[in-house]
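Trainee: Have a look at this prediction, sequence included:
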Amino acid sequence: MIHLPTRVTYARQASTFSTKSARSPSVSTPRNPFIRMISIDQEVSIKKKEKESQEDEKSEKERLREELEKEGGKRQGFRKILLYARPEWKYLILALIASALSGFVFLAFSLFFTQIIEVFSITDTNKLKHEGHFWALMFVAIGIFQGTTMFLSIFFFALTSERMTKRLRSNLFKNIMRMDIAYFDMPQHSSGKISTRLATDTPNVKTAIDNGLGGVVQAVVSLILGITFSFYYGWQMAIVMLAIFPLAGLGQWLEVKYFENRHEKDKKENENAGHLALEAIENIRTVQSLTFGLYLIENGSLEPMNVMKVLFAMSFTTGSIGWAASYFPEYTKARLAAGIIFKMLREKSKIDSLMDDGQRPFINGTIELKDVQFAYYERPESIILKGLDLTIKQGQTLAIVGPSGCGKSTVISLLERFYDPFGGKILIDGNNLREMNVSHVRSQIALVSQEPILFDCSIKENITYGYGPTFFTMNQIKQACKIANIDKFIENNLSEGYETRVGEKGVQLSGGQKQRIAIARALIRNPKILLLDEATSALDAESEKIVQEALDRASQSRTCIIIAHRLSTIVNADCIVVMKNGVVIEQGTHTELINKRGAYYELTKTQNMASH
Ligand SMILES: Nc1ncnc2c1ncn2[C@@H]1O[C@H](COP(=O)(O)OP(=O)(O)OP(=O)(O)O)[C@@H](O)[C@H]1O
């Protein structure tokens with residue numbers, strides 16, 4: 001039996017991201033006149049698997065199509081992907097050369113095969129032996145040649161595509177990291193979707209320039225050589241073989257349909273008859289070519305050996321088209337994935353924390369909001385802040401209260417510059433926040449929110465997060481923990497002290513402990529402005545008391561904005577602001593507002609604390 005190892009065989013073994021649609025080589029049914037190497041049962045199961053993988057591929061393409069539309073991108077062509085792979089061109093060229101060289105193998109194989117047949121007609125035993133050895137060695141040589149070219153082509157394609165994927169993934173990640181929060185509010189940029197972009201879609205792009213492309217180059221070279229060779233040795237037969245080439249395609253299509261519609265039960269009964277009929281259609285090209293070849297030999301137009309040469313050359317070289325075809329479904333996916341990813345790479349952040357632009361004045365901490373109007377990009381019709389005016393003097397504590405959904409946390413988001421208002425302005429020490437350097441402002445503001453975000457690393461690393469392990473001294477870390485009321489717990493209860501890992505999202509700590517570590521993280525930065533958004537509302541009464549003490553200490557000597565539902569925690573604030581429907585409806589100290597008998601007084605009544 002003759003089985004010429006194919007590109008797909010090697011590629012399957014070498015590639016981690018192998019193409020699902022590629023014909024499985026070990027069980028492939030080569031379209032050549034010699035053999036059917038597998039049983040009908042195997043064939044049925046292959047067809048089923050192929051169908052399943054085609055369906056997977058279809059739904060994957062549908063997903064990519066939908067997401068491309070949502071992202072507002074256009075599918076990208078081969079040229080664009082190639083241009084992106086410019087730094088890898090030298091490897092790509094080497095890969096293409098190796099693939100083109102491997103395209104010579106099919107023609108050489110068919111030639112050697114004809115020669116072997118000729119050798120068997122030699123009657124002189126010594127000559128037969130000598131020639132036989134020679135051609136056997138030639139087969140070894142062709143095997144070595146094919147192995148080498150295949151290895152080089154797969155190696156360089158892997159190098160090209162993996163390097164490009166790495167670059168693409170890292171550039172995409174960097175760009176995503178620069179984006180403003182509004183970008184992440186969009187449903188197409190949810191964390192799940194972004195993970196898919198990074199994990200699945202970047203490798204999808206590389207399929208345009210990976211080993212599958214080598215298969216196409218190999219097939220094209222092989223086909224050109226086969227056709228040229230065939231026309232040279234027997235143009236009449238070459239024309240006939242090319243003309244009936246579509247019949248082979250028809251045979252394959254019929255075969256797929258036949259197996260698709262067959263039921264398990266009647267499979268065995270029909271096996272032989274159906275199989276025979278399909279074989280006849282499939283091999284009709286060979287049957288007809290041979291008939292025509294005989295006719296050409298009979299009328300003296302062609303030597304018998306030339307008939308064989310053309311027959312084998314055309315059979316082997318045209319067979320490579322099937323293997324190359326598996327590239328195209330992958331290429332379609334690559335174009336769609338590149339459309340999404342290139343669009344995401346072009347996206348510019350409206351508020352870029354990595355930009356060097358903007359003023360960097362010394363910040364004292366006086367904050368003014370003047371007629372601030374704001375709506376979230378995802379819900380432009382619902383205006384959250386409708387001309388908000390607020391003033392907080394340097395070092396003062398301001399508390400914001402009001403019904404749920406009135407826009408309290410939105411004020412904090414605007415101060416952090418997660419979003420920009422569409423009307424009015426925010427001033428820090430008289431400087432417009434929009435004109436200031438984003439990272440400079442953020443370095444002077446610390447936020448402690450209801451659900452502290454801790455990372456799966458040590459307590460020390462969580463506290464110094466973003467600054468590197470040596471930026472703060474151990475004394476500074478301990479001091480921050482002392483103010484945050486967590487130093488004793490760390491030193492007395494944890495055997496590894498500040499090096500203790502906190503687990504994913506800090507699961508190994510209680511809510512109050514996590515919150516106090518978050519406070520220590522905020523304090524070590526010595527911010528001029530401290531924002532507390534419901535920092536104690538998730539805690540039980542005992543923890544709340546401890547955390548509240550920590551927060552009271554933390555808010556000293558800096559501007560502090562507190563959002564709290566439990567009004568007992570803000571009675572000592574320098575100023576209390578009551579918000580409703582996006583505007584300030586009342587403001588003053590606790591005593592002033594109680595005496596006013598207005599909205600604040602009503603709120604305190606509901607919490608049984610009007611007498612404070
Ligand atoms: N990212 C967002 N995209 C769209 N709408 C949002 C977004 N965040 C908040 N909102 C909406 O904006 C309004 C104000 O939200 P905000 O969180 O500022 O209210 P809040 O006063 O802090 O409420 P609570 O006291 O319940 O925390 C709400 O109606 C909310 O649904």
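Mentor: Everything's here; your move.

Trainee: residues contacting L345?
Mentor: Shown in contact with L345 (Cβ atoms under 8 Å, 6 or more residues apart in numbering): 171-172, 175. Where C-beta positions appear, they are placed from N, C-alpha and C, glycine not excepted.

Trainee: what's the spacing between it and the ligand?
Mentor: Using Cβ to the nearest ligand atom, to the nearest Å, L345 is found at 24 Å from the ligand.

Trainee: how deep is whichever residue of the stretch 101-250 of the chain sits closest to the ligand tucked in, by neighbour count?
Mentor: Using Cβ to the nearest ligand atom, the single residue of the stretch 101-250 of the chain nearest to the ligand is D185, 4.5 Å away. Residues near D185, counting by other Cβ atoms under 10 Å, number 15.

Trainee: re the thing from before, now go through the contacts of L345 and say which are in helices.
Mentor: Taking DSSP state H, the ones among these that sit in helices are 171-172, 175.

Trainee: still on that earlier bit, from the contacts of L345, list just the buried residues.
Mentor: When the contacts of L345 are checked for burial by 16 or more other Cβ atoms under 10 Å, the buried set is 172, 175.

Trainee: Using TSV, lay out the contacts of L345 together with distance to the ligand and pLDDT.
Mentor: Shown next, in TSV, are these (distance: Cβ to the nearest ligand atom, whole Å; pLDDT from 0 to 100):
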residue	distance to the ligand	pLDDT
N171	27	95
L172	23	95
N175	21	93
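
Trainee: picking up where we left off before, of the ones in helices among the contacts of L345, closest to L593?
Mentor: Using Cβ to Cβ, N175 is the member of the ones in helices among the contacts of L345 that lies nearest L593, at 47.2 Å.

Trainee: Leaving out sequence neighbours, find the closest residue to that closest one.
Mentor: Nearest-residue entry for N175: L345, 5.6 Å, with adjacent residues in sequence omitted and distances by Cβ to Cβ, 6 or more residues apart in numbering.

Trainee: before we move on, the earlier item: does the residue of the stretch 101-250 of the chain closest to the ligand touch A375 like I think?
Mentor: No - at 11.9 Å, D185 does not count as touching A375 under the criterion of Cβ atoms under 8 Å.

Trainee: got the residues of the stretch 351-500 of the chain near the ligand?
Mentor: Listed as neighbours of the ligand in the stretch 351-500 of the chain under the rule Cβ under 6 Å from any ligand atom: 376, 378-379, 384, 404-410.

Trainee: Of these, select the buried ones using a ChimeraX command.
Mentor: Of these, the buried ones can be selected in ChimeraX as follows, counting by 16+ other Cβ under 10 Å:
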select :384,406,407,408,409,410
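
Trainee: what's the helix or strand for I576?
Mentor: According to DSSP states H and E, I576 maps onto strand 575-580.

Trainee: Which elements pack onto that strand?
Mentor: Counting by 3 or more Cβ pairs under 8 Å, 6 or more residues apart in numbering; DSSP states H and E, the packing neighbours recorded for strand 575-580 are strand 383-392, strand 397-401, strand 583-588, helix 590-596, helix 599-606.

Trainee: Pairing partners for the longest one, with directions?
Mentor: According to DSSP bridges, the neighbouring strands of strand 383-392, each with its direction, are strand 367-375 (antiparallel).

Trainee: Figure out how far the partner strand is from the centre of its chain.
Mentor: Chain-centre distance of strand 367-375: 38 Å, with Cα atoms, centre = their mean, to the nearest Å.

Trainee: ditto for stretch 94-101
Mentor: Distance of stretch 94-101 from its chain centroid, counting by Cα atoms, centre = their mean, is 29 Å.

Trainee: repeat for stretch 182-189
Mentor: 16 Å.

Trainee: what does stretch 169-178 give?
Mentor: Averaging C-alpha positions (Cα atoms, centre = their mean) puts stretch 169-178 11 Å from its chain's average.

Trainee: next one: phi and psi at E491?
Mentor: The phi and psi torsions at E491 (degrees, to the nearest 10) take the values phi -80, psi -40.

Trainee: for I563, same thing?
Mentor: Here I563 shows phi and psi, under degrees, to the nearest 10, equal to phi -110, psi 130.

Trainee: contacting residues around it?
Mentor: Per Cβ under 8 Å, 6+ apart, neighbours of I563: 399-401, 408-409, 412, 532-534.

Trainee: got those residues as a markdown table, with pLDDT columns?
Mentor: Shown next, in a markdown table, are those (pLDDT from 0 to 100):
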| residue | pLDDT |
| --- | --- |
| A399 | 93 |
| I400 | 94 |
| V401 | 93 |
| K408 | 92 |
| S409 | 92 |
| I412 | 93 |
| L532 | 89 |
| D533 | 89 |
| E534 | 84 |
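
Trainee: wait, which of the residues you listed is closest to V240?
Mentor: Nearest to V240 among the contacts of I563, with distances taken as Cβ to Cβ, is S409, at 78.3 Å.

Trainee: So the closest one sits against L531, correct?
Mentor: No - taking Cβ under 8 Å as the definition, S409 is not a contact partner of L531, at 9.8 Å.

Trainee: Specify the beta-bridge partners of I561.
Mentor: Taking DSSP bridges as the rule, I561 bridges to L398, L531.

Trainee: any idea of the pLDDT on it?
Mentor: Per-residue pLDDT puts I561 at 94.

Trainee: on that earlier part again, and the strand holding I576, which residues are buried?
Mentor: Quick answer for strand 575-580 (16+ other Cβ under 10 Å): 575-579.

Trainee: and those residues as JSON lines, adding distance to G212 and pLDDT?
Mentor: Converted to JSON lines, the buried residues of strand 575-580 look like this (distance: Cβ to Cβ, whole Å; pLDDT from 0 to 100):
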{"residue": "C575", "distance to G212": "67", "pLDDT": "93"}
{"residue": "I576", "distance to G212": "67", "pLDDT": "94"}
{"residue": "V577", "distance to G212": "63", "pLDDT": "94"}
{"residue": "V578", "distance to G212": "65", "pLDDT": "93"}
{"residue": "M579", "distance to G212": "59", "pLDDT": "93"}
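
Trainee: what does the chain have sitting close to the ligand?
Mentor: So the chain meets the ligand at 185, 376, 378-379, 384, 404-410 (Cβ under 6 Å from any ligand atom).

Trainee: Quick check: buried residues in the strand or helix carrying S230?
Mentor: Per DSSP H and E, S230 falls inside helix 211-243. Within helix 211-243, the residues that count as buried by 16+ other Cβ under 10 Å are 211-223, 225-227, 229-230, 233-234, 237-238, 240-241.

Trainee: how long is stretch 73-88 from one end to the other?
Mentor: In stretch 73-88, first residue to last residue: 25 Å (Cα to Cα, to the nearest Å).

Trainee: Thanks a lot, catch you later.
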